[in-house]
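>>> Output the structure for:
(chains A and B)
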Amino acid sequence: MGILKFGGRLLSNMVHKPVTRNYPAEPREYTDRTRGHVEFDPGRCILCNICGKKCPTGSIHMDKAARKLTVDRMLCIQCGYCVDVCPKKCLSMAADYIPPDTEKIIDTYQVPEKPKEEA
Amino acid sequence: MGKRTIVPFGPQHPALPEPVHLDLELEDETVVRAVPSIGYVHRGLEKLTESYDYESMTYVMERVCGICSFGHGWGYTGAVEGLMGVNIPDRAEYLRIVFHELSRVHSHLLWLGLLADGLGFDSLFMHCWRIREKVLDVFEAVTGGRVILSYCKVGGVKKDLTPEMVQRIVSMCDDIEEDMRRTGYVFMKDSSVRNRLCGTGVLSKEDAVELCCVGPVARGSGVDNDVRSASKWYREVGFEPVLYDEGDCWSRCMVRVDEVVQSLNLVRTALRNLPDGDIAVPVKGPAPVGDFAFRVEQPRGEAFYYVQGNGTKNLGRARVRTPTNINIPAMVRTLQGCNLQDVSMLVITIDPCISCTER
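All right, here's what the predicted structure looks like:
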């Protein structure tokens, strides 16, 4: 009897479309909360380096003298902790994942002087 | 009596999702002794406690293992909250139960798929994983991650549920329950599944008690040692342990099938009675000198978390004792006297999670 119960399911598979997606022809849809990658808005950064200190994998480095912030995309585990601790909310989580690559991606951002002068 | 032969099993073997090695001492086709050895995926995550503060460590600890990720996050944060004397809001407790039970659903469905794959019943394997996908989609919509949720934090949880999300989770539970009625029936009644599992690898209740088994391995032998029975919050949502008495591979399988349905009921009850209020309380300052232990019933059994504070932001020690570690002696006991053909089935039915075991 067990096989008859499951047989119904198997027969319904014949008429239904596949459960899987024809990726990459049919791209994946992300949700609003998907933790894809960290985005950085240099305009609001105050170079406090809390993100760099708290990052569990050490993927964020800040050079205060040169006003540079680097994010090692291959070390980042998308935990979102830097986004939680940033006092100026200049870090945010974007939904899309970084594409696969043959080289290690390190993004460098230059923090402008302007916010410091305003402060 | 035949000549004794030693057959190595693993660390790379089609039946094993993760690397564990067994030296099987055979007489003809009967296993007379099995010597397990682990140590292929040790990453030293507990040592990192000394380098990171207790908040950052949450994200390291939940990466001990992908499948039990939420439970590890909960166990660690629960231990740190106990150490610091923090009481988290009721809503956070309920949300933790919801996501822990959903984790159990996806872990058990993954395991049922692996079991079906081990049996050679590939269509059943694919259907188990098709059902599991629905849980992962909900995880992504609510927490942002499909497997590593990063949902727990010290003091509560990170994100709240919207009414639409609650509705989506409830309708997903109804969907999965309907699917499980068909799929669970195959595990329960199908002759090819029963012929392979019934009477294989019997672990008696006395052995299960003597070897301190935990989780579905113990409950499949009729030993009620579910940690959830001791939790006030689980009692509020109407938890009752699932027990089978046969002690064979089939009863260990049926414990998991029934727990999937039970977990769905717990999730629906928790969401129906979800209290209003905050989802987290702020926790600041260094961890005090002292220690604390916390227990969580993971999908594979009781996991034990120990933390030791030293008066700084970094903990002095964090230790995890995982269920697979405890169940390996039971696996070795059931392997003695079994046929070589049954070895893969016996290894699968303890649901070994080697990444958890070695950390």
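
>>> make it CA atoms for all contacts and neighbour counts henceforth
OK.

>>> So which bits of the stretch 151-300 of chain B are right by chain A?
B:Arg182, B:Thr183, B:Tyr185, B:Val186, B:Met188, B:Lys189, B:Asp190, B:Ser191 (CA under 8 Å from any CA of the partner chain).

>>> buried subset of those residues?
By neighbour count, with 16 or more other CA atoms under 10 Å in any protein chain shown, these hold B:Arg182, B:Thr183, B:Tyr185, B:Val186, B:Met188, B:Asp190 as buried.

>>> Name the single longest helix found in chain B.
In chain B, with assignment by DSSP state H, the single longest helix is helix B:90-119.

>>> next structured bit after that helix?
helix B:122-143 (DSSP states H and E).

>>> Model confidence score at B:Ala116, please.
Listed pLDDT for B:Ala116 reads 90.

>>> which other residues reach stretch B:131-142?
Stretch B:131-142 is contacted from outside by A:31-34, B:102, B:105-106, B:109-110, B:145-147, B:149, B:159, B:161, B:165, B:168-169, B:172, B:176, B:179, using CA atoms under 8 Å, 6 or more residues apart in numbering or on different chains.

>>> again, only this time at 7 Å
A:31, A:33-34, B:102, B:106, B:109-110, B:145-147, B:161, B:169, B:176 (CA atoms under 7 Å, 6 or more residues apart in numbering or on different chains).

>>> and if you look at stretch B:118-126?
So stretch B:118-126 is contacted by B:Ala15, B:Gly113, B:Leu114, B:Ala116, B:Asp117, B:Met345 (CA under 7 Å, 6+ apart).

>>> how long is that stretch end to end?
12 Å (CA to CA, to the nearest Å).

>>> ditto for stretch B:292-310
12 Å.

>>> And stretch B:351-359, by the same measure?
End-to-end for stretch B:351-359, by CA to CA: 16 Å.

>>> repeat for stretch A:82-100
23 Å.

>>> and that stretch, average pLDDT?
88.

>>> right, is it up against chain B?
No: against chain B, stretch A:82-100 shows no contacts by CA under 7 Å from any CA of the partner chain, the least distance being 8.4 Å.

>>> Check stretch A:22-30 too.
No: Stretch A:22-30 stays clear of chain B (CA under 7 Å from any CA), getting no nearer than 8.4 Å.

>>> Please identify the buried residues of that stretch?
Quick answer for stretch A:22-30 (16+ other CA under 10 Å): A:Tyr30.

>>> Then stretch A:8-23?
Buried, per 16+ other CA under 10 Å, within stretch A:8-23: nothing.

>>> tell me the mean pLDDT over that stretch?
Mean predicted confidence for stretch A:8-23 is 82.

>>> which residues sit against that stretch?
So stretch A:8-23 is contacted by nothing (CA under 7 Å, 6+ apart).

>>> cutoff 10 Å now
A:3-4, A:7, A:27-28, B:123-124, B:127, B:130, B:133, B:179, B:182-183 (CA atoms under 10 Å, 6 or more residues apart in numbering or on different chains).

>>> what's the closest of these to B:Ala79?
Nearest to B:Ala79 among the contacts of stretch A:8-23, counting by CA to CA, is B:Glu133 at 30.7 Å.

>>> Take the buried ones among the residues of the stretch 151-300 of chain B next to chain A and keep only those in helices.
Using DSSP H, those in helices are B:Arg182, B:Thr183, B:Tyr185, B:Val186, B:Met188.

>>> now the contacts of stretch A:8-23 in JSON lines, with distance to B:Asn87?
Supplementary listing: those in JSON lines, determined by distance: CA to CA, whole Å:
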{"residue": "A:Ile3", "distance to B:Asn87": "50"}
{"residue": "A:Leu4", "distance to B:Asn87": "52"}
{"residue": "A:Gly7", "distance to B:Asn87": "51"}
{"residue": "A:Pro27", "distance to B:Asn87": "44"}
{"residue": "A:Arg28", "distance to B:Asn87": "40"}
{"residue": "B:Ser123", "distance to B:Asn87": "47"}
{"residue": "B:Leu124", "distance to B:Asn87": "44"}
{"residue": "B:His127", "distance to B:Asn87": "41"}
{"residue": "B:Arg130", "distance to B:Asn87": "38"}
{"residue": "B:Glu133", "distance to B:Asn87": "34"}
{"residue": "B:Asp179", "distance to B:Asn87": "38"}
{"residue": "B:Arg182", "distance to B:Asn87": "42"}
{"residue": "B:Thr183", "distance to B:Asn87": "41"}
